[in-house]
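[1] Give me a 3D structure for the following:
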Amino acid sequence: MAQYGTKHGHAEGVLAVMFANPDVEVAGVYEPDRERRRELEKSGQKTWSKVRWYGSPKEFLDDPSIVAVSSEGRNIESLAQTEEIIEAGKHVFYDKPAGDNWPQWARVIEKARTKGLLIQLGYMFRHHDGFCRIADWSRSGFLGDVFSVRAHMSTYITEEQRTVIADHDGGIFYDLAGHMLDQVVWILGRPRKVTSFFQNVNTRSPNFRDNTLAVFEYENALAFVDIAAMEARPMARRFEVYGTRGSAIMEPFEPAGTLRLCLDEARGGYGAGENVIKIEDRPRYVASLAAFVRDLRGDKQPDRTLDHELLVQETLLRATSKLPA
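    Reported below is the predicted structural model:
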């Protein structure tokens, strides 16, 4: 594997996991911004100190020994970089979200489909113990008919970070909500209608939205996703699913500790009423990269289809007004 770009907020974390995975050989990293590369080379950080730096993307895009590439550029540049990777016939571990240009993203997905390539978005909760349990209970009917999903994933970021993200409509919602929408559409599918409420209440940059909520309407359900950029640490990140036969609530989901499962009657090894369940606190990216490698080896089918990756991004862009709601 190679890595294209270093400016995504998860770039170093993903690269460190690549280095730690015994089934992955990190061939090198390309960063188009020379000043950024010099900064990383001089940083003294352990991960970057191990890197072989490419001088041109052709060095890895034209190298037949490179099977896959992690796409870790800033969100404003990563979609074009991902398209280059797919054009070169490489699989992609693509850190979220998938850009602002919907026609381009749809084109990249179709190119990958035609070429038989895997694109796995870097939504880091797909292998989270709590989210996996809740999704299984929701999709299997264990909770009855799901009628409500509520997700809260706020953060605290600096003015400088907000200025960078202000390039994107939706501000902090664009940056983080995809993690929650990945879960919402996995449980409920495509929403019929999306209504958004976006404010700027605490940011100097007038283009940034720092206090956001979107409501996703389904035939028999509602989903609520709210994200803010100025919540005091530690953040109270919370995920809730309510069904006609039970509910599941997890707070916080990082670090994972417990979740609360309520059932109308005993089943599945759980009692009627409240059950407090201990969940495993798994490190970010590790299981996702391991699953990606197993997919490429043909050891299993991908956890999400290309159609799912397309749907998550469509739903995000409907919320940020890049697509009709």
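[2] With residue 64 as the reference, measure out to residue 205.
    44 Å (CB to CB, to the nearest Å). C-beta here means a position set from N, CA and C on the backbone, and glycine is covered the same way.
[3] ok, these two, which is more surrounded?
    residue 205 (16 against 8; other CB atoms under 10 Å).
[4] Could you give the secondary structure assignment for the more buried one?
    Secondary structure, DSSP: H, G, I helix; E, B strand; the rest coil: residue 205 is coil.
[5] Next, the contact list for the residue nearest to it when sequence neighbours are not counted, please.
    Distances taken as CB to CB, 6 or more residues apart in numbering put residue 166 closest to residue 205, at 4.8 Å, once the chain neighbours are dropped. Shown in contact with residue 166 (CB atoms under 8 Å, 6 or more residues apart in numbering): 205, 207, 208.
[6] how about the strands in the stretch 201-325 of the chain?
    For the stretch 201-325 of the chain, strands defined by DSSP state E, counting those that start in this stretch occupy the ranges 211-217, 222-228, 238-243, 246-250, 258-263, 273-278.
[7] Can you add distance to residue 22, mean pLDDT and mean neighbour count and give those back as a markdown table?
    Shown next, in a markdown table, are the strands of the stretch 201-325 of the chain (distance: least, CB to CB, whole Å; pLDDT from 0 to 100; neighbours: other CB atoms under 10 Å):
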| stretch | distance to residue 22 | mean pLDDT | mean neighbour count |
| --- | --- | --- | --- |
| strand 211-217 | 40 | 98 | 21 |
| strand 222-228 | 36 | 98 | 22 |
| strand 238-243 | 32 | 98 | 21 |
| strand 246-250 | 31 | 98 | 22 |
| strand 258-263 | 31 | 98 | 19 |
| strand 273-278 | 29 | 98 | 12 |
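[8] Those into JSON lines, with extra columns for distance to residue 124?
    Below are those laid out as JSON lines (distance: least, CB to CB, whole Å):
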{"stretch": "strand 211-217", "distance to residue 124": "20"}
{"stretch": "strand 222-228", "distance to residue 124": "15"}
{"stretch": "strand 238-243", "distance to residue 124": "13"}
{"stretch": "strand 246-250", "distance to residue 124": "15"}
{"stretch": "strand 258-263", "distance to residue 124": "18"}
{"stretch": "strand 273-278", "distance to residue 124": "21"}
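[9] Quick one: closest of those strands to residue 135.
    Closest approach to residue 135 among the strands of the stretch 201-325 of the chain (CB to CB): strand 238-243, 8.6 Å.
[10] so what does the closest one touch, helix or strand wise?
    helix 129-140, strand 146-152, helix 172-188, strand 246-250 (3 or more CB pairs under 8 Å, 6 or more residues apart in numbering; DSSP states H and E).
[11] out of the ones you listed, which comes closest to residue 91?
    Using CB to CB, the helices and strands packed on strand 238-243 put helix 172-188 closest to residue 91, at 19.2 Å.
[12] Tell me the first helix or strand C-terminal of that closest one.
    Per DSSP states H and E, the first helix or strand lying C-terminal to helix 172-188 is strand 193-199.
[13] Give me the residues contacting that next one.
    170-171, 173, 209-217, 315, 318-321, 325.
[14] And the residue nearest to residue 205, its phi and psi?
    Note on residue 166: backbone dihedrals following degrees, to the nearest 10 are phi -60, psi -10.
[15] What pLDDT does the model give it?
    Looking at residue 166, its pLDDT is 95.
[16] next one: residue 114
    Reported pLDDT for residue 114: 98.
[17] Centre-most residue in this structure?
    residue 123 (2.4 Å; CA atoms, centre = their mean).
[18] any idea how this protein splits into domains?
    Here the domain parsing of the chain from automatic domain parsing is 2-121, 129-281.
[19] right, so of the ones you listed, which gets closest to residue 301?
    Closest among those, using CB to CB: domain 2-121, at 10.3 Å.
[20] ok so, going back, return the residues in contact with the residue nearest to the centre of the chain.
    With CB under 8 Å, 6+ apart, residue 123 has these contacts: 96, 178, 179, 182, 288, 312.
[21] cool, residue 55 as well?
    residue 30.
[22] ok so, going back, return the member of the contacts of residue 123 nearest to residue 230.
    Residue 230 has its nearest neighbour among the contacts of residue 123 in residue 179, at 18.4 Å by CB to CB.
[23] how close does that closest one get to residue 113?
    Counting by CB to CB - residue 179 and residue 113 are separated by 24 Å.
[24] More neighbours: the two, which one.
    Remark: of residue 179 and residue 113, residue 179 carries more neighbours, 26 against 15, as counted by other CB under 10 Å.
[25] pLDDT score assigned to the more buried one?
    Looking at residue 179, its pLDDT reads 98.
[26] With the one 3 residues further on instead?
    With respect to pLDDT, residue 182 has a value of 98.
[27] swap in residue 126?
    97.
[28] ok, it - contacts?
    Here residue 126 is in contact with 132, 182, 288, 291, 303, 304 (criterion: CB under 8 Å, 6+ apart).
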